[in-house]
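1. Take a look and give me a structure for this.
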Amino acid sequence: MSNAVQQLLSAFDDLPEPDRHQAAVEILRRVSKGADGDLPESALVQAAEDLFLAMDAEEAAHAQS
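-> Next up is the predicted model:
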C-alpha cells in the first residue's frame, strides 16, 4: 500500500462518523463512475454493503458504551 493511501486511510479514520459515511459513499460513487468495467457492479454493491454493516456495528458498539 502506498504512503498516499495510508495517509488517506488515516485521515478517513480520524473523521467524525457522519463525515466518514459521506466520504465512503463519495469514494464508492467515484469508483463506480470511473471504473468503466474494471470492477463488476456486484463487487461495488458488496463493498458498500460491507461498509455499511461495519459502520452500523461500530455505531451500535458506541451506543452501548
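2. Pull the residues that contact stretch 2-10.
-> For stretch 2-10, there are no surrounding residues in contact (C-beta atoms under 8 Å, 6 or more residues apart in numbering). (C-beta placed from N, C-alpha, C; glycine too.)
3. Centroid-nearest residue for the protein?
-> Nearest residue to the geometric centre of the chain (C-alpha atoms, centre = their mean): Ala24, 3.5 Å.
4. quick one: it and Leu51 touch, right?
-> Yes - Ala24 lies in contact with Leu51 (C-beta atoms under 8 Å); the separation is 5.4 Å.
5. How far does the helix of greatest length in the chain sit from its chain's centre?
-> If you go by DSSP state H, the chain has its longest helix at helix 41-64. Per C-alpha atoms, centre = their mean, to the nearest Å, the displacement of helix 41-64 from the mean C-alpha position of its chain is 8 Å.
6. Who are the packing partners of that helix?
-> Under the contact criterion of 3 or more C-beta pairs under 8 Å, 6 or more residues apart in numbering; DSSP states H and E, helix 41-64 touches helix 17-35.
7. any idea of the angle the helix it packs on forms with helix 41-64?
-> Put simply, helix 17-35 runs at 180 degrees to helix 41-64, going by axes from the mean of the first three to the mean of the last three C-alpha atoms, to 10 degrees.
8. Would you mind listing the outside residues contacting the longest helix of the chain?
-> 17, 20-21, 24-25, 28, 31-32, 35.
9. for this protein, which spans come out with low pLDDT?
-> 33-39, 65 (pLDDT under 70).
10. picking that back up, residue contacts, the residue nearest to the centre of the chain?
-> Residues in contact with Ala24 (C-beta under 8 Å, 6+ apart) are 12, 51, 55.
11. now those in TSV, with neighbour count and distance to Val45?
-> Below are the contacts of Ala24 laid out as TSV (neighbours: other C-beta atoms under 10 Å; distance: C-beta to C-beta, whole Å):
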residue	neighbour count	distance to Val45
Phe12	13	21
Leu51	16	11
Met55	14	16
